[in-house]
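Engineer: Below are the sequence and a predicted model; questions follow.
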Amino acid sequence: MLEISRLDVYYGVIRALHSVSLHVGKGEIVTLIGANGAGKSTTLRTVSGLLRPLAGEILFEGEDITDMPPHRRVALGIVQVPEGRRVFPQMSVGENLDLGAYARKDKAGIKQDLERVFSLFPILAERRKQAAGTLSGGQQQMLAIGRALMARPRLLLMDEPSLGLAPLIVKDIFHVIAEIRKQGVTVLLVEQNAHMALSIADRGYVLETGRVTLSGPAKELMANEEVKKAYLGG
Amino acid sequence: MKRLINLILLLLTVTALLILNAWLPRWLNPYINQIIIMAGINIILAVSLNLINGFTGQFSIGHAGFMAVGGYASAAFTYYLWKLHFKGAHAPGGMTGYAIFFAALLIAALSAAVMGFLVGVPSLRLRGDYLAIVTLGFGEIIVALINNIEVVGGSRGFTDIPFYTNFFWVYLVVVATVLMTRNLVQSAHGRALIAVREDEIAADAMGINTTRYKVLAFVIGSACAGVAGALQGHYNLSLHPSAFKFLKSVEVIIMVVLGGMGSITGSVLTAIFVTVLLELLRFPVWVACIFFALILATAILSRPRVPLIKEQLVPQILVCVGATLLLVFALAPIVHSALLQVAWFKAHWAPIGTRLIFVGIAAAAVLPMKRLDVWTRFLFKNFIYALVLTCVLLFARKWFNDNAAGFRMIIYSALLVILMLNRPQGLFGKAELSAATWRRLFKPLAR
């Protein structure tokens, strides 16, 4: 579904990605794990179009999208849940969700998706009129995911969904991610919490200082001594 | 059905404007009529800038530049059409005049919009301060260019522009601007604009073409500013490049910030407020009255959050009493002299009036002391300003009366400082005065 080959991304003169290649198959959950500054978020932001690569190419279902602006990628079905949630704080929960469906015109489908989001996150239905900025961190993360789902994504890019959340809520969120995949959405997941990420993912890539150093099925990575030592705490 | 109602409303509005247009000059003197026109032009400027600065969250400080573009383009059109085509001692009037002016307004909107597009496309990738610098530069470039274009008068100014602007035209544009902005903001596009303000990265990630929306807001805002420039040019019958410098932009920004970034109602009301205030401040008697009214208004607006602290009770009461007395001393004679202008009062009350008013104001000032915490906290907060202004009023009243004109901007600025300190989010914040607001306001009364 998504094919990235030899991607080079720079922040000014600093090289963030060194020839990163990876692929995501339809219906998979693929996770990128690695330390701070390894280039996980950079990869994700390049796929969603918020950053432009200097070299390399990104193919989505065979189509070259390397130079496509972000709003056209959303129309294709590549939707990002940005790091740190980034809900629109002064808008209500309902308005935030409406904005997720901004690029769509099919009213019946939007209504259907709204019900789907509310069945995944009942708390959002309860807080529909409330300003998004007054939600708790976990609820804001749910809103950010719900908002992305409103765009009816085919590939969902999730950037650190567990950031700053209590362990119990992290568990909930990951449960929902697995649920979303069951509904037929492909997920590319960036996560610092490697254990959680690998437990729901099919495959994983390990990034170190902008290079892919290891890849394979999630179970194998979990059993890998190096990965255990570096990211799984022993 | 809805379309029919809209059409009827439109016709009613136009008729009402035409009737007022015919009658206002007979009811009110020319000075007040001029203030009404100026207020209308300022409403157009403030609402359109609010679309850019308030709703879309971009910081443009070049609004006067777009105003100049529209003003000069339309004036050149009407002037040369008159001189080269119609000739004659007077510019064509009647229906021809209306048609010409309508075309001129369109030209103003179009030229300013094109300019907004040209400036916006490259610069709206920038954010915050960077965009402000670009728009500032643009405004200065426009002024410098006009200074050097001889066909529109150059640095001497463009004079002999035909007289077309009247109440009807100004308030027709006001209604159009307010309605357009309101409808835009409430539409799906408007929500996208607000999303850009709230969080640009998230808006990008949601598939909103952020650059396009920023340019859209910028172009619409500039077009309205251009029309405002045209209205001003055809009212003053002259345009001068120095009138469109940076300060003019700041004047509009003040209205927008004071009214609340993101509130159309706020922009409309503060545009009127600022226009009228600046005129009232030309009269010494009004200066004092406005000052007192504002102090009371801000006292009501600033709610008590800090309870009275026991250890500081004495200094607090001292400050409170001192400032109150200062106010009373300063205000009593001024209110007295204002009342003396009423003939009836002069005939019956003048001998004992001063003392009575003195007592009255003292009572009015001490009354709030029942809620000592509110009053004290407020006076603490504004003590310096109150002190400076009352000192000016008290010790230099005679001199002040003679030189009030020179103090106009100082007092205006001091008022801005006080208002901003008490309501940093602007008078309205992001709220609007809609039917729902009124219902909410009167709900407790109904119960």
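Structural biologist: Perfect, thanks for sending it.
Engineer: Tell me which residues touch residue 63, please.
Structural biologist: Using chain A here. Applying Cβ atoms under 8 Å, 6 or more residues apart in numbering or on different chains to residue A:63 gives the contacts residue A:76. For every residue, glycine as well, the C-beta is placed using N, CA and C.
Engineer: The chain in question should be chain B.
Structural biologist: B:45, B:48, B:49, B:52, B:139, B:221, B:222, B:225, B:248, B:249, B:252, B:253.
Engineer: Kindly recompute the last result at 6 Å.
Structural biologist: Residue B:63 makes contacts with B:49, B:225, B:249, B:252, as judged by Cβ atoms under 6 Å, 6 or more residues apart in numbering or on different chains.
Engineer: Shouldn't the third one be within a helix?
Structural biologist: Yes - the assignment for residue B:249 by DSSP: H, G, I helix; E, B strand; the rest coil puts it in a helix.
Engineer: now it: how far from residue B:140?
Structural biologist: Distance of residue B:249 to residue B:140, computed by Cβ to Cβ, to the nearest Å: 10 Å.
Engineer: what's the answer for residue B:116, then?
Structural biologist: Distance from residue B:116 to residue B:140, by Cβ to Cβ: 16 Å.
Engineer: Neighbour count: those two, which is higher?
Structural biologist: Between residue B:116 and residue B:140, counting by other Cβ atoms under 10 Å in any protein chain shown, residue B:116 is the more crowded of the two (29 against 15).
Engineer: What is the three-state secondary structure of the more buried one?
Structural biologist: Classified using three-state DSSP, residue B:116 is helix.
Engineer: how close does it get to chain A?
Structural biologist: 22 Å (Cβ to the nearest Cβ, to the nearest Å).
Engineer: for residue B:202, same thing?
Structural biologist: For residue B:202, the distance to chain A - Cβ to the nearest Cβ - is 4 Å.
Engineer: what about that residue, how many neighbours?
Structural biologist: With other Cβ under 10 Å as criterion, residue B:202 counts 23.
Engineer: now the residue of the stretch 251-400 of chain B found nearest chain A, what's its secondary structure?
Structural biologist: Evaluated by Cβ to the nearest Cβ, the stretch 251-400 of chain B has residue B:262 as its residue closest to chain A, separated by 8.9 Å. Classification of residue B:262 by three-state DSSP places it in coil.
Engineer: For the closest residue to residue B:40 other than its chain neighbours, give me its contacts.
Structural biologist: Spatial nearest neighbour of residue B:40, chain neighbours left out: residue B:170 (3.9 Å); criterion: Cβ to Cβ, 6 or more residues apart in numbering or on different chains. The contact partners of residue B:170, by Cβ under 6 Å, 6+ apart, come to B:37, B:40, B:231.
Engineer: Now name the helix or strand holding residue B:170.
Structural biologist: helix B:167-186 (DSSP states H and E).
Engineer: Centroid-nearest residue for chain A?
Structural biologist: residue A:158 (1.3 Å; Cα atoms, centre = their mean).
Engineer: Give the other helices and strands that the helix or strand hosting it contacts.
Structural biologist: According to DSSP H and E, residue A:158 maps onto strand A:155-159. If contacts are counted by 3 or more Cβ pairs under 6 Å, 6 or more residues apart in numbering or on different chains; DSSP states H and E, strand A:155-159 sits against helix A:40-48, strand A:78-81, strand A:186-190.
Engineer: in the stretch 51-200 of chain B, which spans are strands?
Structural biologist: Along the stretch 51-200 of chain B, counting by DSSP state E, counting those that start in this stretch, strands occupy B:158-159.
Engineer: Just to check, residue B:196 is in contact with residue B:209?
Structural biologist: No - counting by Cβ atoms under 6 Å, residue B:196 sits too far from residue B:209 to count as a contact (9.8 Å).
Engineer: List the residue ranges of chain A that fall below the pLDDT cut-off.
Structural biologist: A:234 (pLDDT under 70).
Engineer: So which bits of it are right by chain B?
Structural biologist: With Cβ under 6 Å from any Cβ of the partner chain as the criterion, chain A comes near chain B at residues A:70, A:71, A:74, A:80, A:82, A:86, A:88, A:99, A:100, A:102, A:103.
Engineer: tell me which of the residues you listed is nearest to residue B:4?
Structural biologist: Lowest distance from residue B:4 to the residues of chain A next to chain B (Cβ to Cβ) belongs to residue A:102, with 31.9 Å.
Engineer: can I assume that closest one sits in a strand?
Structural biologist: No - Residue A:102 is assigned coil when assessed by three-state DSSP, not a strand.
Engineer: Can you get me a residue count around the residue in chain A positioned nearest to chain B?
Structural biologist: Closest contact between chain A and chain B, by Cβ to the nearest Cβ, is at residue A:74 (2.8 Å). With neighbours defined by other Cβ under 10 Å, the count for residue A:74 comes to 26.
Engineer: hmm, back to that, pull up the per-residue confidence for the residue nearest to residue B:40.
Structural biologist: pLDDT recorded at residue B:170 is 96.
Engineer: Also the one 5 residues further on?
Structural biologist: According to the prediction, residue B:175 has pLDDT 95.
Engineer: ditto for the one 5 residues further on
Structural biologist: Reading off the per-residue confidence, residue B:180 sits at a pLDDT of 94.
Engineer: Skip the chain neighbours and tell me the closest residue to it.
Structural biologist: That would be residue B:220: by Cβ to Cβ, 6+ apart, it lies 7.6 Å from residue B:180.
Engineer: Please apply the same query to residue B:275.
Structural biologist: With Cβ to Cβ, 6+ apart, the residue lying closest to residue B:275 is residue B:39, at 4.3 Å.
Engineer: got it, and residue A:193?
Structural biologist: Using Cβ to Cβ, 6+ apart, the nearest residue to residue A:193 is residue A:162, at 4.9 Å.
Engineer: So that neighbour sits against residue A:194, correct?
Structural biologist: No - with contact defined as Cβ under 6 Å, residue A:162 does not count as touching residue A:194 (10.7 Å).
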